[in-house]
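1. This is a predicted model, with the sequence first.
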Amino acid sequence: MSFMMNTNTSLQTFLDLDTHEEMMTYVQAHGYLTALCISTETIPDQEWLAILFGENPQFQSDEQRQEIEKALIGLKAQISRELSSEEELTIPCELDPGEDLEDSEINGWCMGFMEGVFLNEEVWFSKGEDEVSELLLPIMVGSTLFEEQPEFAEISQDTDLIADMLERIPELLTALYLLCNAPDEKPVLLKNNH
């Protein structure tokens, strides 16, 4: 456990160095990897790693690249274990966006998650478009990628509603995981949530 924490610490330091603006931050990467773990389609490691790093990431050496890639693959496995245990996933940032959603870490996490969804939207919505859309709504709102769309305009004006939606993300992730990976066990959240 301590090794995993140390690995995550050095991974976080590397991703948050701002050496390359196309590369995801640690929080964005966590959201992105969470989406990859929920999706039923397996994306090859080198493919999702390339998107996470962006173009021309600044590695000091091949050894550092291998170490960072290994740490990311390990983090993805850790997230997958948490999701499959049906415990609420721990998100590595505050869920409360504070005064400015676009400047918050939860915004970055949601943007990273949606990047993972965009990799293969067809797979995501093949399990039940209405249910998946309902569960994804707080993450879509949190990402601020859709605020220009009319159906999001009203929500984007209500800061209390946004805060309430973001607070529910951990439980929604469990429901999404079950819906996509064990559809016969329809999440209680969906049965009671309208």
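-> Here it is on my side, so go on.
2. mind checking how far the residue nearest to residue 34 when sequence neighbours are not counted is from residue 152?
-> In space, and not counting its chain neighbours, residue 34 is closest to residue 79: 5.5 Å by Cβ to Cβ, 6 or more residues apart in numbering. The way it works is simple: take the backbone N, C-alpha and C, and place the C-beta from them, glycine included. Distance from residue 79 to residue 152, counting by Cβ to Cβ, to the nearest Å: 27 Å.
3. When the two are compared, which one has more neighbours?
-> Neighbours were counted for residue 79 and for residue 152 using other Cβ atoms under 10 Å; residue 79 has more, 21 against 16.
4. max-length helix in the protein?
-> Longest helix in the chain, counting residues (DSSP state H): helix 62-84.
5. How about the helix or strand just after that one, which residues are buried there?
-> Going down the chain from helix 62-84, the next helix or strand is helix 105-118, by DSSP states H and E. Buried positions in helix 105-118, judged by neighbour count with 16 or more other Cβ atoms under 10 Å: 105-117.
6. what do you get for stretch 115-132?
-> Buried positions in stretch 115-132, judged by neighbour count with 16+ other Cβ under 10 Å: 115-117, 119-120, 124, 131-132.
7. what's the most distant pair in those?
-> 115 and 131 (21.5 Å; Cβ to Cβ).
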